[in-house]
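> sequence first, then the predicted structure, then my questions.
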Amino acid sequence: MATTITTNSAKMAENWRVAMTALCNQFLAMQRALSAAGGLGPTETLIYLTISVANVQRLMRERTIPPELCGTVPLPREWVVPISRNAIASATGLPRETVRRQVAKMIERGILVEDPRGGVTPPADIISAGNYEPILEGLMTEFARTVDVLCRTGALAIRHD
């Protein structure tokens, strides 16, 4: 028996304010956590998360992620996909010049590195070096609260198939 979570459009519409507040609070909790751990401002957080997601997209497309790559061990460089500043601007909606300036500052601070293949990536050991390991539990706790609120309103439903 598989368990899936689905959306309920009618219940979302009925509980729009509650659902949006829960989702926005989730975003703000992530911003606070990343700011505390890595000293990232809101624009930097958006850029950093965009880069982080882009960098692991090759791994995430795998049907089965190798167990040794599921934790905090730095990814081998062949699994990392660098992203250009133009692609960051397109993905975030930020002006290219803002992305260029912010990325340059983040490189200076050691939060990002230029990849020899072009584009930027976080440093290989960013999870440990950036002190991001301890924030996962707090983020997951906040995520669970968000899901709980959305389930209680019916906006999300748990199905047992």
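That came in fine, so what should we check first? Numbering: from 1, shown residues only.

> max-length helix in the chain?
For the chain, the longest helix by residue count, based on DSSP state H, is helix 16-38.

> the chain: strands as residue ranges?
Counting by DSSP state E, one finds strands in the chain at the ranges 3-7, 113-114, 120-121, 156-160.

> look up how far residue 34 lies from the residue nearest in space to the middle of the chain.
Note on the chain: the residue nearest the mean C-alpha position is residue 49, at 4.6 Å, using C-alpha atoms, centre = their mean. Residue 49 sits 8 Å away from residue 34, going by C-beta to C-beta, to the nearest Å. Every residue, glycine included, has its C-beta placed from N, CA and C.

> what does residue 20 give?
According to C-beta to C-beta, residue 20 stands 21 Å off from residue 34.

> ok, those two, which is more surrounded?
residue 34 (21 against 12; other C-beta atoms under 10 Å).

> let me know whether the more buried one touches residue 45 as I believe.
Yes. Counting by C-beta atoms under 8 Å, residue 34 does reach residue 45; the two are 5.1 Å apart.

> start and end of stretch 4-22, how far apart?
Start-to-end span of stretch 4-22 (C-alpha to C-alpha, to the nearest Å) is 20 Å.

> for the record, mean pLDDT for it?
Averaging the model's pLDDT scores along stretch 4-22 yields 91.

> try stretch 138-148
Mean per-residue pLDDT for stretch 138-148: 91.

> okay, and the helix or strand of this structure with the least pLDDT?
Lowest by mean pLDDT, DSSP states H and E among the helices and strands of the chain is helix 126-129, with a mean of 76.

> which other residues reach it?
For helix 126-129, the external contacting residues (C-beta atoms under 8 Å, 6 or more residues apart in numbering) are 72, 74, 110-111, 123, 132-133.

> and for stretch 86-103?
43-44, 46-47, 50-51, 54, 83, 85, 112, 119-120.

> roughly how far is it from the heart of the chain?
Using C-alpha atoms, centre = their mean, to the nearest Å, the distance from the centre of stretch 86-103 to the centre of the chain it belongs to is 17 Å.

> also stretch 140-151?
Computed by C-alpha atoms, centre = their mean, the chain-centroid distance of stretch 140-151 equals 16 Å.
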